[in-house]
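Engineer: need a structure here:
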Amino acid sequence: MKIKITASFRDKLNKQIDYIAQDKPSAARKFKSELLSNINRLSQMPYQSRQSIFFERNDIRDFIFKGYIVVYKINKEENTIEVFGFSKMDSKNLIIK
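Structural biologist: Numbering: from 1, shown residues only. The predicted model follows:
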């Protein structure tokens with residue numbers, strides 16, 4: 001499956017990277033590199049992550065990475081994964097369905 005990154009996801013990620021880089025630029029670079037590497041691996045097993053707590057749909061998933069939630073949609077017809085959501089986890093996001 002091909003990975004598509006939306007502009008809104010990229011903007012949110014870059015804001016968080018800029019925030020992390022204020023204290024430790026090397027940690028920010030490592031975080032971004034590891035996150036994007038893990039997102040690319042989703043193409044091999046797109047249903048490995050939990051069903052999204054934000055949507056009542058099986059094709060929308062939440063990938064958890066170092067205290068953040070990456071939300072993506074699986075489109076079987078187009079053979080794509082669209083990564084569109086990015087947020088920091090809090091106690092409301094810990095619900096497991």
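Engineer: C-alpha only now, for contacts and for neighbours.
Structural biologist: Fine.
Engineer: and the residue minimising distance to the centre of the chain, which helix or strand is it part of?
Structural biologist: When Cα atoms, centre = their mean is applied to the chain, the residue found nearest the centroid is V70 (2.1 Å). Assessed by DSSP states H and E, V70 sits inside strand 68-75.
Engineer: now do the buried residues in that strand.
Structural biologist: By neighbour count with 16 or more other Cα atoms under 10 Å, strand 68-75 contains the buried residues Y68, I69, V70, V71, Y72, K73, I74.
Engineer: mean confidence for it?
Structural biologist: Throughout strand 68-75, pLDDT has a mean value of 97.
Engineer: show me what contacts the residue nearest to the centre of the chain?
Structural biologist: Applying Cα atoms under 8 Å, 6 or more residues apart in numbering, we find V70 in contact with D62, F63, I64, V83, F84, G85, F86, S87.
Engineer: where's it relative to F86, distance?
Structural biologist: Taking Cα to Cα, to the nearest Å as the measure, V70 falls 5 Å from F86.
Engineer: point out where the protein drops to low pLDDT.
Structural biologist: 91-97 (pLDDT under 70).
Engineer: would you map the helices across the protein?
Structural biologist: Residue ranges of the helices in the chain, as given by DSSP state H, are 7-23, 25-41.
Engineer: how far does the last one sit from the chain's center?
Structural biologist: So that's helix 25-41. Centroid separation for helix 25-41 versus its chain: 11 Å, with Cα atoms, centre = their mean, to the nearest Å.
Engineer: list the buried residues in that helix.
Structural biologist: For helix 25-41, burial by neighbour count (16+ other Cα under 10 Å) applies to A28, F31, L35, I39, N40.
Engineer: fine by me, we can end here.
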